[in-house]
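1. structure, please.
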Amino acid sequence: MGKIYLQMYSFMDGTMNDSRENLRLAAEMGYDGVELFGPLLAIPAEELKSLLDEYHLEPISMHAPTSDMVEQLIPLANALDMKFIGIGMETMLNDDAVHAFAGKLNRLGKACAENGLTLTYHNHTQEFLPCEDKKVIDILMEETDPKYVSFELDAGWCAAAGFDPLALVEQYSGRIKLIHVKESDRVIGPQQPIDFGSVPKDEKGMPVLPEELKRQMEEMDKTNCVAGKRARRLESTQRNCRPSRMSGIYCRT
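-> Okay, here's the model as predicted:
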């Protein structure tokens with residue numbers, strides 16, 4: 001039976017104290033380990049390792065907040081004995097940006113490999129937009145070096161884009177090392193990413209998004225989870241997935 005890990009983003013909490021409590025909840029629900037995200041990355045490595053050891057959770061991977069932060073998180077990943085370090089999303093607004101990002105993945109992947117880590121890239125729906133005569137995901141697969149770059153297929157976003165996750169796994173056998181499996185209750189098609197460079201920023205440099213856009217983004221990322229019942233949904237999902245390995249994060253290596 002394969003191990004099932006929980007992406008900590010699933011809790012949608014924004015403080016370090018909440019994140020500490022969520023590690024306890026993840027263990028209580030029966031997950032084998034976690035993929036770290038957000039506030040957890042700000043906890044000192046020694047304290048974070050102690051928490052993970054206390055709850056018997058294996059930290060399989062982490063998502064860097066941006067691709068530019070991958071290299072500075074390598075020491076933390078090594079301190080926690082991780083296998084992977086991931087990029088959750090990259091905004092690619094045109095074909096040239098797709099090719100440029102493939103090159104960046106190769107550079108970052110080489111740096112990770114030199115430190116005993118495997119770099120992964122996690123898709124949303126934008127990776128299924130057309131790029132020249134192919135899809136963005138095809139270009140990224142073809143132009144990145146398998147020695148340095150692997151992929152974390154989000155089956156929920158793949159299905160929401162209108163594509164078959166199983167077919168993609170079969171097409172790119174060996175390149176997909178981790179799989180996010182979650183519920184998606186509708187097909188929305190590939191979505192063009194937001195050009196955050198043109199969005200007004202606050203005093204901290206964070207994008208100031210219109211309320212309607214924030215509402216739409218939140219609605220798209222609920223993945224059929226009723227507000228206020230997320231923890232119960234995560235627990236039942238973990239329990240129900242065991243026979244089929246169809247929830248959380250499944251490690252294929």
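
2. buried sites along stretch 139-158?
-> Neighbour-count burial for stretch 139-158, with 16 or more other Cβ atoms under 10 Å as criterion, is recorded at 139-141, 144, 148-158. For glycine as for every other residue, the C-beta is placed from the backbone atoms N, C-alpha and C.

3. export that stretch to PDB, keeping only CA atoms.
-> Extracted C-alpha coordinates of stretch 139-158, given in PDB (Å, rounded to 0.1, in the frame of the first residue of the first chain):
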ATOM      1  CA  ILE A 139       6.500  22.100 -23.600                       C
ATOM      2  CA  LEU A 140       7.600  22.000 -20.000                       C
ATOM      3  CA  MET A 141       8.000  18.200 -20.100                       C
ATOM      4  CA  GLU A 142       9.900  18.300 -23.400                       C
ATOM      5  CA  GLU A 143      12.300  21.200 -22.600                       C
ATOM      6  CA  THR A 144      13.200  20.100 -19.000                       C
ATOM      7  CA  ASP A 145      15.900  17.600 -18.200                       C
ATOM      8  CA  PRO A 146      14.500  14.400 -16.500                       C
ATOM      9  CA  LYS A 147      17.700  14.300 -14.400                       C
ATOM     10  CA  TYR A 148      16.800  17.600 -12.800                       C
ATOM     11  CA  VAL A 149      13.100  18.200 -13.100                       C
ATOM     12  CA  SER A 150      10.100  16.100 -12.200                       C
ATOM     13  CA  PHE A 151       6.400  16.900 -12.000                       C
ATOM     14  CA  GLU A 152       3.700  16.800  -9.300                       C
ATOM     15  CA  LEU A 153       0.500  16.200 -11.200                       C
ATOM     16  CA  ASP A 154      -2.600  17.800  -9.600                       C
ATOM     17  CA  ALA A 155      -5.300  15.400 -10.900                       C
ATOM     18  CA  GLY A 156      -8.000  17.700  -9.700                       C
ATOM     19  CA  TRP A 157      -6.900  20.700 -11.700                       C
ATOM     20  CA  CYS A 158      -6.100  18.500 -14.700                       C
END
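
4. for the record, mean pLDDT for that stretch?
-> Averaged across stretch 139-158, pLDDT comes to 96.

5. circling back to that earlier point, just flag the most distant two among the buried residues of stretch 139-158.
-> Longest distance between any two of the buried residues of stretch 139-158 is 26.2 Å, between Y148 and G156; criterion Cβ to Cβ.

6. ok, so of the buried residues of stretch 139-158, who is nearest H180?
-> D154 (4.1 Å).

7. got phi/psi on K110?
-> phi -60, psi -40 (degrees, to the nearest 10).

8. isn't it right up against L117?
-> No - at 10.9 Å, K110 does not count as touching L117 under the criterion of Cβ atoms under 8 Å.

9. compare neighbour counts for those two and give me the winner.
-> L117 (22 against 15; other Cβ atoms under 10 Å).

10. please report phi then psi for the more buried one.
-> Dihedral angles (degrees, to the nearest 10) for L117: phi -120, psi 160.
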